[in-house]
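Participant: got a predicted structure here, sequence first:
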Amino acid sequence: MRLIIRLILLVLALSGAAPGEEKSPSTLLVLNKGHRGSTRPSELAIVDPATGHVTARIPTGMESHEVAVTPDGRLAVVTNTGPYSDPGHTLSVIDLKARKEIHRVDLGPLPNPHGIAWHDGKFYFTAEGARLIARYDPATDSVDWMMGVGQNSIHMLVFSKDGKKIFTANRGSGSVGVVSPSPVGGPGGGRPGGLSGEAPGGGPGGGRQGGGLGGRSPGGPSQVLIPVKAGPEGIDVTPDGAQVWVGCRGAISIIDAVGDQVIGTIETGGGGVNRIKFAPDGKRALATHMGPLIVLDVASRKEIKRIDTGGGGSSILITPDGKQAYIGMTEKDKVAVVDLDKLEVVSTLETGEGPDGMAWVGR
């Protein structure tokens, strides 16, 4: 059975659109994680952006938080974070064409997987409970690399534009981690081969800076820790690759993506900035917190407007054409649709209970 699963995953991971094949229409994916204490599994809602209607619902794990998709739109991987009192330790692998979960990856000693990103054929994710980042290869159905970061609540991660760095928002330690890829075999130097043995540093919670699995680091992975404002969570890289913006409590820390140091701060007031996203042209940034959506001019670092979404915000997705943004309002069970020319909410979607992580398929 496991061999069959691996063959299916290999085909999906390696397949691309054939020359001349018609592109599928754009699709919005919304991860409805549910509310704290719910006994129902989360679900991935497939939404038609033209109508706002949910066309399919795919059950995942408990309290699933984030989702990433392959560039061809065939495969999605969901982090089943679970409640922190009873940590989840799985990934849901979803065939988007068949619209079903085809595999549940057991992460064993890597509890609370959260942030996830696709890069160069593999999915990189944070494991908050183990204080590390790891990599899942769908072609081999294995976690083939992991690296201890040694920071608390490694919440989200993003890649530099050239793919040579991973930036992590370490919510519980007030820092941003910068992991430099090794010359051979991708980022880090953790021993490949899945989840045998303990997590870096001797089990969950003991990640050792710059370690890799069991402290072995062939290829010389390195890590820089950048102190930022308290509670860093939302994180994104400017489209030109020059800066990393990190949402913190009442402020946004701006990091030089080359020099790996804080070069500026934008005071936002209020609570924690939980997500940040840049428009494709790099001129504007959107930031969510418990209040209105914050629209910022990137060049001047000045606030342009605050947009009342009707329920704060916990996630952001900007369409590839830069015309619209979707704002997940987890507590309100709604997604606000924002026109980025008019800078106003034009509609709301009801995709399910507790909408959180989102992804876009198509153009």
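Facilitator: Sure, I can see it.
Participant: what sits up against stretch 305-316?
Facilitator: Residues outside stretch 305-316 that contact it (C-beta atoms under 8 Å, 6 or more residues apart in numbering) are 274-277, 286, 288-295, 325-332, 334, 336, 338, 343-345, 348, 355-358. The C-beta positions use only the backbone N, C-alpha and C, and glycine is treated the same way.
Participant: one more time with 7 Å, if that's ok
Facilitator: Stretch 305-316 is contacted from outside by 274-275, 277, 286, 288-295, 325, 327-332, 334, 336, 338, 343-345, 356-358, using C-beta atoms under 7 Å, 6 or more residues apart in numbering.
Participant: starting at the chain centroid, how far to that stretch?
Facilitator: Averaging C-alpha positions (C-alpha atoms, centre = their mean, to the nearest Å) puts stretch 305-316 19 Å from its chain's average.
Participant: what's the average pLDDT for that stretch?
Facilitator: For stretch 305-316, mean pLDDT is 95.
Participant: re the thing from before, quick check on the contacts of stretch 305-316: which are buried?
Facilitator: Using 16 or more other C-beta atoms under 10 Å as the burial test, the contacts of stretch 305-316 include 274-275, 277, 286, 288-289, 292-295, 325, 327-330, 332, 334, 336, 338, 345, 356-358 as buried.
Participant: can you list which of those are found in strands?
Facilitator: Those of the buried ones among the contacts of stretch 305-316 mapping onto strands are 275, 277, 286, 288, 293-295, 325, 327-329, 334, 336, 338, 345, 356-358, per DSSP state E.
Participant: ok, the residue nearest to Ala257 when sequence neighbours are not counted to Ile252 distance?
Facilitator: In space, and not counting its chain neighbours, Ala257 is closest to Val244: 5.2 Å by C-beta to C-beta, 6 or more residues apart in numbering. According to C-beta to C-beta, to the nearest Å, Val244 and Ile252 sit 10 Å apart.
Participant: beyond the strand or helix carrying Ala134, next helix or strand please.
Facilitator: Secondary structure from DSSP states H and E places Ala134 in strand 132-137. Beyond strand 132-137 in the direction of the C-terminus, DSSP H and E gives the next helix or strand as strand 142-148.
Participant: render the CA-only coordinates of that next one in PDB, please.
Facilitator: Provided in PDB are the C-alpha atoms of strand 142-148 (Å, rounded to 0.1, in the frame of the first residue of the first chain):
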ATOM      1  CA  SER A 142       9.700  11.300   3.200                       C
ATOM      2  CA  VAL A 143      10.900  14.100   5.500                       C
ATOM      3  CA  ASP A 144      14.500  14.200   4.100                       C
ATOM      4  CA  TRP A 145      15.900  17.100   6.000                       C
ATOM      5  CA  MET A 146      15.400  19.000   9.200                       C
ATOM      6  CA  MET A 147      17.300  21.700  11.100                       C
ATOM      7  CA  GLY A 148      17.100  22.900  14.700                       C
END
